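Chemist: Quick one: sequence and predicted model below, then my questions.
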Amino acid sequence: LSSVWKMDHPLHVVTPLVHSSALSQLAGRDVFLKLENVQPSGSFKIRGIGRTMQEAVKNGAKEFVGSSGGNAGMAMAVAAKQLKKKLTIFIPTSTLPFMIEKLKAEGAIVVVAGSNWNEANQAAVAANESP
């Protein structure tokens, strides 16, 4: 994505659609693969999360609080960076170290809270409700 971002442009990129000969042969019909792994966040989740965060900024959001130790968290981190907004993301202890480093590399403030997503999400909700 360009460093000059405009609010009316999506945060995701148009991804390639490629024909898979092997899968087409197995299925007995044409099979195409949508390569969402080339998104800035590495997954399709930037499409919905990015749009949601854009709308929040349009409506006055100054920063974001979220919970995820996976692809949704990466989508939030990439979107927050593009939107030039602070993101505090709550992750469970089960989050792999490489993902923690990727989140931090995108500028997210990472808080480890709880042993699973439900506990991390509860901590995120509580943090968002406190002044």
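Modeler: Now that the structure is in, tell me what you want to look at.

Chemist: what about the residue nearest in space to the middle of the chain, distance to Leu26?
Modeler: Nearest to the mean C-alpha position of the chain, by Cα atoms, centre = their mean, lies Ala75 at 1.1 Å. The gap separating Ala75 from Leu26 is 31 Å, by Cβ to Cβ, to the nearest Å. Placement of C-beta: from N, CA and C, glycine included.

Chemist: what does Val18 give?
Modeler: In this view, Val18 and Leu26 are 16 Å apart by Cβ to Cβ.

Chemist: cool, and Val13?
Modeler: As judged by Cβ to Cβ, Val13 and Leu26 stand 29 Å apart.

Chemist: which of those two has more neighbours?
Modeler: More neighbours surround Val13 than the other of Val13 and Leu26, with 13 against 10 (other Cβ atoms under 10 Å).

Chemist: Check what pLDDT the residue lying closest to His19 once chain neighbours are set aside gets.
Modeler: With sequence-adjacent residues excluded and distances taken as Cβ to Cβ, 6 or more residues apart in numbering, His19 is closest to Phe32, at 5.6 Å. pLDDT, Phe32: 97.

Chemist: my guess is Phe32 contacts Val18, does it?
Modeler: Yes - using Cβ atoms under 8 Å, Phe32 is in contact with Val18, at 6.5 Å.

Chemist: anything in contact with each of these two?
Modeler: Residues touching both Phe32 and Val18 by Cβ atoms under 8 Å, 6 or more residues apart in numbering: none at all.

Chemist: Show the contacting residues for the residue located most distally from the centre of the chain.
Modeler: Distance from the C-alpha centroid of the chain peaks at Gly28, with 34.7 Å (Cα atoms, centre = their mean). By Cβ under 8 Å, 6+ apart, no residues touch Gly28.
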